[in-house]
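In: A predicted structure for the sequence below; I have some questions about it.
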Amino acid sequence: MSSATADEALKSLVAGVPIPLLLIDEADRILATNDAAVRLFGLAVEARHYLTVIRQPAVTSCIEATRRTGRETQGRMLIAGPSLDRSFRVVTTPVLDRRVLVSLEEITDVEQASRIRRDFVANVSHEMRTPLTALLGFIETLRGAARDDAAARERFLSIMAREAERMNRLVADLLSLTRVESEERVRPTAPVDLAALARSAAASLRPVAEAAGAEIELTGAAEPLTAPGDADQLTQVLTNLIENALKYGGPGRVTVALSGQSRDPVLKRPVARIDVIDRGEGIDDLHLPRLTERFYRVDSHRSREKGGTGLGLAIVKHIVNRHRGRLKIESRKGEGSRFTVLLPRSDSMEPEG
């Protein structure tokens, strides 16, 4: 095969690969590239010296190492972005006539997932450490100085029970979140009466409402409102949203409104709509985009005092995603908050493409 024919074959191969590739010749000029590399570097790069195009020490070091040793070299490149830094695995491989093939495989999602796992473990450890430390401290006190103090013993046992219940809620929510995430790709199809679920959730939470000096108002729940779903999970959505409204909405009325909507502009089909509305102090706009993140709290101290685990809205988000619906959160300071769940209606289901 002639040199010209070999060059054309290499160029054709490079052009057909979906990840960014650069083929550098023996004179350190870019002999061939592909569309992915042009999109990454934003330049027409062929025939230019690679140093004028890449300007990334991690990549140039790999190229020089491959030139020097004649062996494959690997590294990592980071490109700063306006909102998210992008990470790439760099592999430089020697090819014909002292040429070097540079491949750039994006690993941003992999590193993000790894960071999320690390953060999740750190958050769980932090959430568990506080009640465990309290329990161990009280146990030590009861074994020592408070052994024969009946009043102190009763007070400490009460606090220990509260901390143990907090850990139990956290473990239950973690298990629930894990279960929901594992089923997120499996779409429920059984018809569920949302009105009946709302009535049941409201009835079970009436003692919580009375303790908070609030009342639960149901509207639109007299007639059946059907959507395909998992009844247990949708009950959990209603319970979590109503309970949050009671805990953080302050005394007053919490409204649970059910209705049908002929067409949702985002889901592009008729939907069943559930609104949970409180008249509390509201939430600042800067917190709204992050409310469904795991362990995110607007007020950490207040949330823990009220028994919150920081996982309730994350569970709601994943359940709604599993049902191919959407969750909207609206709030104004001093006016309260509205959490809206939109679910595709039973009579509007279409095969997914």
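Out: Happy to help now that I have it. Residues are numbered from 1 along each chain as shown.

In: Phi, psi for Asp285 please.
Out: Backbone torsions for Asp285, taken as degrees, to the nearest 10, come to phi -50, psi -40.

In: For the lengthiest strand in the chain, name the packing helices and strands.
Out: Longest strand in the chain, counting residues (DSSP state E): strand 252-264. Packing contacts for strand 252-264, counted by 3 or more CB pairs under 8 Å, 6 or more residues apart in numbering; DSSP states H and E, involve helix 194-204, strand 214-219, helix 231-248, strand 269-278. C-beta coordinates here come from the backbone N, C-alpha and C atoms, glycine included.

In: what's the residue nearest to Gly336 when sequence neighbours are not counted in contact with, if anything?
Out: With CB to CB, 6 or more residues apart in numbering as the criterion, Gly336 has its nearest non-adjacent residue at 4.3 Å, and that residue is Arg279. Contacts of Arg279 were listed using CB atoms under 8 Å, 6 or more residues apart in numbering, and they are Gly249, Gly250, Gly252, Arg253, Glu335, Gly336.

In: Just the pLDDT at Arg279, thanks.
Out: Each residue has a pLDDT score; the one for Arg279 is 89.

In: wait, Ser103 sits on Met77?
Out: No: counting by CB atoms under 8 Å, Ser103 does not reach Met77; the two are 11.1 Å apart.

In: What's the local residue count around Val102?
Out: Other residues within reach of Val102 by the criterion other CB atoms under 10 Å amount to 24.

In: so what's the backbone phi/psi at it?
Out: In terms of degrees, to the nearest 10, the main-chain angles of Val102 are phi -110, psi 120.

In: List the residues that contact it.
Out: The contact partners of Val102, taken as CB under 8 Å, 6+ apart, are Leu21, Leu22, Leu23, Ile24, Tyr50, Ile54, Val59, Cys62, Ile63, Val90, Val91, Thr92.

In: Tell me how far whichever strand or helix holds Thr66 lies from the chain's centre.
Out: If you go by DSSP states H and E, Thr66 is part of helix 57-69. On the basis of CA atoms, centre = their mean, to the nearest Å, helix 57-69 is displaced by 37 Å from the centre of the chain it belongs to.

In: ok, and what's touching the strand or helix carrying Ile319?
Out: Ile319 is part of helix 312-322 when elements are defined by DSSP H and E. The set of residues external to helix 312-322 that reach it, using CB under 8 Å, 6+ apart, is 173, 176-177, 180-181, 183-188, 230, 233-234, 236-237, 240-241, 243-244, 291-294, 326-327, 339, 341, 343.

In: Weed out the non-buried ones from the residues you listed.
Out: Those of the contacts of helix 312-322 that meet the buried threshold are 173, 176-177, 180, 188, 230, 233-234, 236-237, 240-241, 243-244, 291-292, 294, 326-327, 339, 341, 343, by 16 or more other CB atoms under 10 Å.

In: Find the residue ranges of the stretch 1-150 of the chain scoring beneath the pLDDT cut-off.
Out: Along the stretch 1-150 of the chain, the parts satisfying pLDDT under 70 run over 1-7, 83.

In: Check the stretch 251-353 of the chain too.
Out: Under the criterion of pLDDT under 70, the regions of the stretch 251-353 of the chain flagged as low confidence span 299-308, 346-353.

In: could you redo the last one with a cut-off of 50?
Out: Residues of the stretch 251-353 of the chain meeting the criterion pLDDT under 50: 348-353.

In: Next, the contact list for the residue nearest the centre of the chain, please.
Out: Nearest to the mean C-alpha position of the chain, by CA atoms, centre = their mean, lies Glu293 at 5.7 Å. Listed by CB under 8 Å, 6+ apart, the contact partners of Glu293 are Ala314.

In: all strands of the protein, in order?
Out: Using DSSP E, strands in the chain cover 21-24, 30-33, 73-79, 86-95, 99-106, 191-193, 214-219, 226-228, 252-264, 269-278, 326-332, 336-344.

In: So in that sheet, which strands flank the first one, and in what orientation?
Out: In other words, strand 21-24. Neighbouring strands of strand 21-24 in its sheet, by DSSP bridges, are strand 30-33 (antiparallel), strand 99-106 (antiparallel).

In: contact partners of that strand?
Out: Counting contacts by CB under 8 Å, 6+ apart, the residues outside strand 21-24 that touch it are 10-11, 14, 30-34, 36-37, 45, 50, 53-54, 63, 95, 99-104.

In: Could you double-check that Ala44 lies in contact with Asp35?
Out: No: using CB under 8 Å, Ala44 is not in contact with Asp35, being 11.4 Å away.

In: Take the strands of the chain and write them to JSON lines, including distance to Leu286.
Out: Converted to JSON lines, those look like this (distance: least, CB to CB, whole Å):
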{"stretch": "strand 21-24", "distance to Leu286": "42"}
{"stretch": "strand 30-33", "distance to Leu286": "42"}
{"stretch": "strand 73-79", "distance to Leu286": "28"}
{"stretch": "strand 86-95", "distance to Leu286": "26"}
{"stretch": "strand 99-106", "distance to Leu286": "30"}
{"stretch": "strand 191-193", "distance to Leu286": "35"}
{"stretch": "strand 214-219", "distance to Leu286": "26"}
{"stretch": "strand 226-228", "distance to Leu286": "33"}
{"stretch": "strand 252-264", "distance to Leu286": "24"}
{"stretch": "strand 269-278", "distance to Leu286": "19"}
{"stretch": "strand 326-332", "distance to Leu286": "11"}
{"stretch": "strand 336-344", "distance to Leu286": "14"}
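
In: Perfect, that will be all.
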